[in-house]
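> Just to be clear, the model below is a prediction. Sequence and coordinates:
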Amino acid sequence: MATFGLLRRWCIVVCIYLFQFNSVTVAILDPVDFLALQSIRKGLEDLPGSNYFASWDFTSDPCNFAGVYCDSDKVIALNLGDPRAGAPGLTGLIDPAIGKLSALAELSIVPGRIFGALPQSISQLKSLRFLAVSRNFISGQIPASLSELRNLRTLDLSYNIFTGTIPASIGTLPELTNVILGHNRLSGSIPPFTSTSLTRLDLKHNDFSGTLAPNTLPASLQYLSLSWNRLSGPVYVLLSRLDQLNYLDLSMNQLTGLIPGRVFTFPITNLQLQRNLFFGPVRPADQVSIPTIDLSYNRFSGEISPLFSTVQNLYLNNNRFSGQVPGPFVDRLLAANIQILYLQHNFLTGIQINPTAEIPLSSSLCLQYNCMVPPVQTPCPLKSGKQKTRPTAQCNEWRG
């Protein structure tokens, strides 16, 4: 208490000193917050081209500093760095004194070259609702103590160098709305997230492995990206529950099993399931209105459903689909209602299209390497190879 009294008297002396020299009168910031800001400033510097700290003159009111927002004598929001797009950002370390800003509700750091670990002291910020420190070089493990931030709604640690696992206790935070941890080096299994407010979960480009239990994720999710990991096992039951999704990307994993037909009735605008080990028939429950669907590089089989003909960009290549291409695809393709229809590298046996038909310039059709001679010659992606037709022996074996 004696130290606190000395600090407050020191701040008052500073105010009187500035007033005597006709400077702007300074509001008395809480001394603990004042010293915390000083420590934060000492740990960080502007990168060349950034002038963020130009306003951080501690002989003036800290509540007028760039990125510092106060309520009465307390700092309630701290946005470190110039928020304008393309600004160079900051470099240095986040000082543990940041945990002294007891009323802080929002903490963000613009992209830059901040390194070192995320201070454990952040867990002392009991009012924190928003934590975003993406696109820097912050390393080490995600502190399990973040689970003490019971009011936290947004956690964005993406595009850093975090390692280790996601602490299971973080998944129990009751107010979580957005969790964005993509583009790190995180590993292990994905823990259950229990917040019924969670709408966005982005864990792409990490090294997560293991299976996803049916109740791992809440039905409130609207955005789910788990691409570029090593996840395995079936997701049929899990996906059946997530009927609020408007974006789904599970690509570049080792997921297996069937895909529920009802997933194609969800309000999704972009569905990415490519490069997994999914298998079996794909049977939408109704006409599909999703603009972009990528099911390529899996093991799907059976006939292609005509209910997919209303998809604008459809990637079904490199699977085991067989039979005829349904007529509605041809009609919509020639009417320029389909932009991309990739069917190469399957076992398809025919398509009812006039060899003289002109494919609209805005549309792209690829049919090569199937069990038929493509009736129309259309440009295909280079990685499709040069062979127009699948060897007869492969087609006979597949039919047999």
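Happy to help now that I have it. Numbering: from 1, shown residues only.
> where are the low-confidence patches of the stretch 1-150 of the chain?
Along the stretch 1-150 of the chain, segments meeting pLDDT under 70 span 1-27.
> the helices in it, which residues?
2-20, 31-43 (DSSP state H, counting those that start in this stretch).
> Tell me which residues are up against the last one.
Defining contact as C-beta atoms under 8 Å, 6 or more residues apart in numbering, one finds that helix 31-43 is touched by 4, 7-8, 10-11, 53, 56, 58, 62, 65, 68, 73-75, 78, 80, 92-95, 97-98, 100-103. Where C-beta positions appear, they are placed from N, C-alpha and C, glycine not excepted.
> hang on, residue 394 in a strand?
No. Read with DSSP: H, G, I helix; E, B strand; the rest coil, residue 394 is helix and lies in no strand.
> If any of the contacts of helix 31-43 are buried, give me the PyMOL selection for them.
Typed into PyMOL, the line below selects the buried ones among the contacts of helix 31-43, using 16 or more other C-beta atoms under 10 Å:
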select buried, resi 11+53+56+62+65+68+73+74+75+78+80+92+94+95+97+98+100+101+103
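> Can you list which of the contacts of helix 31-43 are found in strands?
Taking DSSP state E, the ones among the contacts of helix 31-43 that sit in strands are 68, 74, 75, 78, 80, 92, 93.
> Tally up the residues packed near the residue lying closest to residue 176 once chain neighbours are set aside, please.
For residue 176, ignoring the flanking residues on the chain, the nearest one in space by C-beta to C-beta, 6 or more residues apart in numbering is residue 195 at 4.1 Å. For residue 195, the neighbour count with other C-beta atoms under 10 Å is 18.
> In terms of helices and strands, where is residue 365?
strand 364-366 (DSSP states H and E).
> What does the pLDDT read for the residue nearest to residue 176?
Turning to residue 195, the model gives it a pLDDT of 96.
> what's near enough to touch it?
Contacts of residue 195 (C-beta under 8 Å, 6+ apart): 171, 173, 174, 175, 176, 177, 218, 220.
> what about 10 Å?
152, 153, 171, 172, 173, 174, 175, 176, 177, 179, 218, 220 (C-beta atoms under 10 Å, 6 or more residues apart in numbering).
> cool, residue 375 as well?
Counted by C-beta under 10 Å, 6+ apart, residue 375 has contacts 350, 351, 352, 353, 354, 355, 356, 357, 367.
> Could you rerun that using 8 Å?
351, 353, 354, 355.
> That one should be in a strand, yeah?
No. Looking at residue 375 with three-state DSSP, it is coil, so not inside a strand.
> what about it, distance to residue 59?
Distance, residue 375 to residue 59, by C-beta to C-beta, to the nearest Å: 80 Å.
> again with residue 74
20 Å.
> swap in residue 72?
As for residue 72, its distance to residue 59 is 21 Å (criterion: C-beta to C-beta).
> picking up where we left off before, which of the contacts of residue 375 are buried, as a ChimeraX select command?
Those of those that count as buried under 16+ other C-beta under 10 Å are selected in ChimeraX with:
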select :351,353
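> Sort out for me which of the contacts of residue 375 are in helices.
Per DSSP state H, helices hold no members of the contacts of residue 375.
> now, which of the contacts of residue 375 sits nearest residue 336?
residue 353 (14.5 Å; C-beta to C-beta).
> That closest one and residue 376 touch, don't they?
Yes. Assessed by C-beta atoms under 8 Å, residue 353 is found in contact with residue 376 at 6.0 Å.
> about what we covered before: adding distance to residue 224, write the ones in strands among the contacts of helix 31-43 out as a markdown table.
Below are those laid out as a markdown table (distance: C-beta to C-beta, whole Å):
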| residue | distance to residue 224 |
| --- | --- |
| 68 | 35 |
| 74 | 37 |
| 75 | 35 |
| 78 | 30 |
| 80 | 30 |
| 92 | 35 |
| 93 | 34 |
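> Looking at the residues you listed, which is nearest residue 363?
residue 80 (48.0 Å).
> mind listing what the closest one touches?
Contacts of residue 80 (C-beta under 8 Å, 6+ apart): 40, 44, 52, 67, 90, 107, 108, 109, 110.
> which residues in the stretch 151-300 of the chain form helices?
Taking DSSP H, counting those that start in this stretch, the helices of the stretch 151-300 of the chain run over residues 236-241.
> now it, which segments are flagged as low pLDDT?
Looking at the stretch 151-300 of the chain by pLDDT under 70, you get an empty list.
> Centre-most residue in the protein?
residue 202 (3.3 Å; C-alpha atoms, centre = their mean).
> That residue is in contact with residue 157, isn't it?
No. In this structure, residue 202 is not within contact of residue 157 by C-beta under 8 Å, at 10.6 Å.
> could you pull out the strands for the stretch 201-350 of the chain?
For the stretch 201-350 of the chain, the strands defined by DSSP state E, counting those that start in this stretch cover 207-210, 223-225, 230-234, 247-249, 254-257, 270-272, 277-280, 292-294, 299-303, 313-315, 320-325, 340-342, 347-351.
> can I get those strands in JSON lines with distance to residue 145?
Shown next, in JSON lines, are the strands of the stretch 201-350 of the chain (distance: least, C-beta to C-beta, whole Å):
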{"stretch": "strand 207-210", "distance to residue 145": "22"}
{"stretch": "strand 223-225", "distance to residue 145": "26"}
{"stretch": "strand 230-234", "distance to residue 145": "27"}
{"stretch": "strand 247-249", "distance to residue 145": "30"}
{"stretch": "strand 254-257", "distance to residue 145": "32"}
{"stretch": "strand 270-272", "distance to residue 145": "34"}
{"stretch": "strand 277-280", "distance to residue 145": "38"}
{"stretch": "strand 292-294", "distance to residue 145": "39"}
{"stretch": "strand 299-303", "distance to residue 145": "43"}
{"stretch": "strand 313-315", "distance to residue 145": "43"}
{"stretch": "strand 320-325", "distance to residue 145": "49"}
{"stretch": "strand 340-342", "distance to residue 145": "47"}
{"stretch": "strand 347-351", "distance to residue 145": "55"}
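> between residue 202 and residue 157, what contacts are shared?
Joint contacts of residue 202 and residue 157 (C-beta under 8 Å, 6+ apart) are 180, 181.
> Does residue 52 touch residue 66 like I think?
Yes. Residue 52 lies in contact with residue 66 (C-beta under 8 Å); the separation is 5.8 Å.
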